[in-house]
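In: just need the structure, nothing else, for what follows:
(4 chains)
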Protein chains: 2
Amino acid sequence: MPIRLPLADDEPAERRDAARNRDALLRAAQALIDHCGVGAVTMDAVAARAGVGKGTVFRRFESREGLMAAVLNRSETGFQAAILSGPPPLGPGAPPMERLLALGHARIELNLLHRSLISAAGRAGTRSYAAMSFIAMHVRYLLGELGVRGDVAFLATALLAPLEVPILEQQVEIEEMRLARITEAWDDLARRIVEG
Amino acid sequence: MPIRLPLADDEPAERRDAARNRDALLRAAQALIDHCGVGAVTMDAVAARAGVGKGTVFRRFESREGLMAAVLNRSETGFQAAILSGPPPLGPGAPPMERLLALGHARIELNLLHRSLISAAGRAGTRSYAAMSFIAMHVRYLLGELGVRGDVAFLATALLAPLEVPILEQQVEIEEMRLARITEAWDDLARRIVEG
DNA sequence: GCACTAAACGGACCATGGTCCGTTTCTATT
DNA sequence: AATAGAAACGGACCATGGTCCGTTTAGTGC
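Out: Take a look at the predicted model:
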C-alpha cells in the first residue's frame, strides 16, 4: 500500500478513481520496465496497459520524466529507510566515518543498478527534493558529526557529485574503471575532504 | 578549434558540398540560439534556415544533441586555447595550484554561461572526448605537478564533477548559493584534495 | 435518491526528433 | 569531356511526447 504522502491541510483529498489510476499507472510502468526495459516505457504503452487514456498519465505525472521519477522514488524510499533506521553501518549505530563510507558504496551500487531509470528521469529525478536532497542532507549531517570545518553544504554536494549517473557511467564505460577502483578512490576522496 | 581530430589515413576527405552545408548548419543553429534561445533550435528550423533538407542535418550531426554539442565545441575551443597557450594563471607560466584554481573559476563561469546549451547537448556534450576529456586530462596533469598521490584520474573527475551544469544549477537555483560562495568553497575542496 | 460542481477522464490532435530511400551532385579516372 | 560510382541530398514518413477540450464520474448537500 502506497505511503500516504502528507498533504497540506488545504489540499483537497485525492479522488478515489484518481488514486486507483495512479497506482495502476505505476504498476504498469514498473511492469514494462521489468519486462521490456526502460526504453519500452512509452506513454501510450503505459496508458494502454493500465487501461486508462493517455491524458490521464500526463495529468498524474506531468511528463515522462515525472513518471520515471515517481517509479524511482519507490526504490529510493527503501534507501532512505535503510539510512534512517536500518542496520549499521549504513543505519544509525556505527561511527560517522563508517556510515559515510557505507553510504557512498551503497550509493554507487544503487546508481549503477538504476542507471537507465535515473537517466530517463532526467532533471525530474535530480531536482526532486524527495530523492537528492535527503541524501545531501544526511551527508551534511555526517560531515558535521565528523567535525568538518568549512562550507559543509558544498562539500556534501561535492562528495556526492562524482557518484551521479552520468559521471559514474563515464568512468565505467569510457575510462573502463572497475567498481572496486571507484569505491576505493571515493573512500580516499572522502578521507581527504574530512581530514583536510 | 577545434583541434583537427586525427582522421585515419584511410578516411576519405569530406566533400566540398558537405563541408559547406555543415558550416551553414552551424551558423544557422548559432543564429537561432543567439536570436531566439536554445529552445528555438528545431531541426526543421535549422534546416530551413540553412537552406538544406532535414535529412542533411541528421547526416551531419546525428541528432539534435549532436548538433548542440558541435555548436558548443566552438566555444569550448577558446577555453582549451586559453589553457594551452593563453596568459597565466589559466595558461602556462603560473604555479600549478594557481592554474588549478583559475581553471575551476573559469569553468564555473563558462558552464553557467552556456548552461542551456550544455543541457541541450545532453550526453553528447558530456561524453564527447573533445570537450570533457581535455579538461579532465589537464586537471590530472596539474594534480600530478602538485605531487598528489592516489588515483589521480578519479580525483580529477571528482574535482570537476561539482562544476557540471546540473549540479551547479541545483546549487544556484535551489540552494540559492551565490557565485562567490561556490568558487570559494570549490577552492577549499581543491586544497583538501591536493593537500590531503 | 437527486441534482450539482469540481475533478478526472479519454483520445483526437499537434509538434518535433529521427528514419528511409529515390534522386542529385561531387570527384576521380580515362 | 564523358562516365561511373560513391557520397550527399531532400522531404515524405513514422514514432512518441505533450496538449486540449468535450464528456464522464466521484463526492456533497438536500
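In: CA atoms for contacts and neighbours, from now on please.
Out: Noted.
In: please report the distance of the spatially closest residue to A:A29 that is not a sequence neighbour from DNA strand C.
Out: Using Cα to Cα, 6 or more residues apart in numbering or on different chains and skipping the chain neighbours, the partner closest in space to A:A29 is A:V46 (5.7 Å). A:V46 is 11 Å from DNA strand C, where distance means Cα to the nearest atom of the strand, to the nearest Å.
In: residues in contact with the helix or strand hosting A:G104?
Out: Per DSSP states H and E, A:G104 falls inside helix A:96-113. Helix A:96-113 is contacted by residues A:88-92, A:118, A:139, A:142-143, A:145-146, A:160, A:163-165, A:168-169, A:183, A:186-187, A:190 when judged by Cα atoms under 8 Å, 6 or more residues apart in numbering or on different chains.
In: one more: stretch A:176-196?
Out: Taking Cα under 8 Å, 6+ apart as the rule, stretch A:176-196 contacts A:101, A:104-105, A:108, A:143, A:146, A:148, A:155, A:159, A:171-172, B:150-151, B:154-155, B:189, B:191-193, B:195-196.
In: hmm, back to that, quick one: the residue nearest to A:A29 is in a helix?
Out: Yes. Assessed by DSSP: H, G, I helix; E, B strand; the rest coil, A:V46 belongs to a helix.
In: domain parsing for chain A?
Out: Following automatic domain parsing, one gets these domains for chain A: A:15-61, A:70-195.
In: report how many residues lie close to the residue nearest to A:A29.
Out: A:V46 has 25 neighbours, counted by other Cα atoms under 10 Å in any protein chain shown.
In: surely it touches A:R27?
Out: No. Counting by Cα atoms under 8 Å, A:V46 sits too far from A:R27 to count as a contact (9.1 Å).
In: circling back to that earlier point, give me the buried entries from the contacts of stretch A:176-196.
Out: Buried members of these, scored by 16 or more other Cα atoms under 10 Å in any protein chain shown, are A:101, A:104-105, A:108, A:143, A:148, A:155, A:159, A:171, B:151, B:154-155, B:189, B:191-193, B:196.
In: which strand or helix spans A:I135?
Out: helix A:134-145.
In: now do the buried residues in that helix.
Out: A:135-136, A:138-144.
In: that's a strand at A:A13, yeah?
Out: No. Counting by three-state DSSP, one finds A:A13 to be coil, located in no strand.
In: in chain A, what helix or strand scores lowest on average pLDDT?
Out: Least confident helix or strand, chain A: helix A:115-127 with a mean of 87, by mean pLDDT, DSSP states H and E.
In: and that one with helix B:115-127, angle?
Out: Angle, helix A:115-127 to helix B:115-127, by axes from the mean of the first three to the mean of the last three Cα atoms, to 10 degrees: 150 degrees.
In: flag every buried residue along helix A:115-127.
Out: Those would be A:115-122, A:124-127, for helix A:115-127 by 16+ other Cα under 10 Å.
In: same list, those residues, but as JSON lines with distance to DNA strand C please.
Out: Output for the buried residues of helix A:115-127, formatted as JSON lines (distance: Cα to the nearest atom of the strand, whole Å):
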{"residue": "A:R115", "distance to DNA strand C": "19"}
{"residue": "A:S116", "distance to DNA strand C": "16"}
{"residue": "A:L117", "distance to DNA strand C": "18"}
{"residue": "A:I118", "distance to DNA strand C": "18"}
{"residue": "A:S119", "distance to DNA strand C": "15"}
{"residue": "A:A120", "distance to DNA strand C": "14"}
{"residue": "A:A121", "distance to DNA strand C": "16"}
{"residue": "A:G122", "distance to DNA strand C": "15"}
{"residue": "A:A124", "distance to DNA strand C": "19"}
{"residue": "A:G125", "distance to DNA strand C": "20"}
{"residue": "A:T126", "distance to DNA strand C": "21"}
{"residue": "A:R127", "distance to DNA strand C": "22"}
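In: nearest to chain B, out of those residues: which one, please.
Out: Nearest to chain B, judged by Cα to the nearest Cα, of the buried residues of helix A:115-127 is A:R127 at 7.1 Å.
In: ranking the domains of chain A by mean pLDDT, which is last?
Out: Note on those: lowest mean pLDDT is at domain A:70-195, with a mean of 94.
In: how far does it stretch from one end to the other?
Out: Across domain A:70-195, the terminal residues are separated by 37 Å (Cα to Cα, to the nearest Å).
In: wait, does it contact DNA strand D?
Out: No. Judged by Cα under 7 Å from any atom of the strand, domain A:70-195 and DNA strand D are separated, with a smallest distance of 9.8 Å.
In: pull the distance from that domain to the chain's centre.
Out: Centroid separation for domain A:70-195 versus its chain: 9 Å, with Cα atoms, centre = their mean, to the nearest Å.
In: and the helices in chain A?
Out: A:16-36, A:43-50, A:54-61, A:64-85, A:96-113, A:115-127, A:134-145, A:152-160, A:165-169, A:179-195 (DSSP state H).
In: out of the ones you listed, the one nearest B:G78 is which?
Out: Nearest to B:G78, of all the helices of chain A, is helix A:165-169, at 23.9 Å by Cα to Cα.
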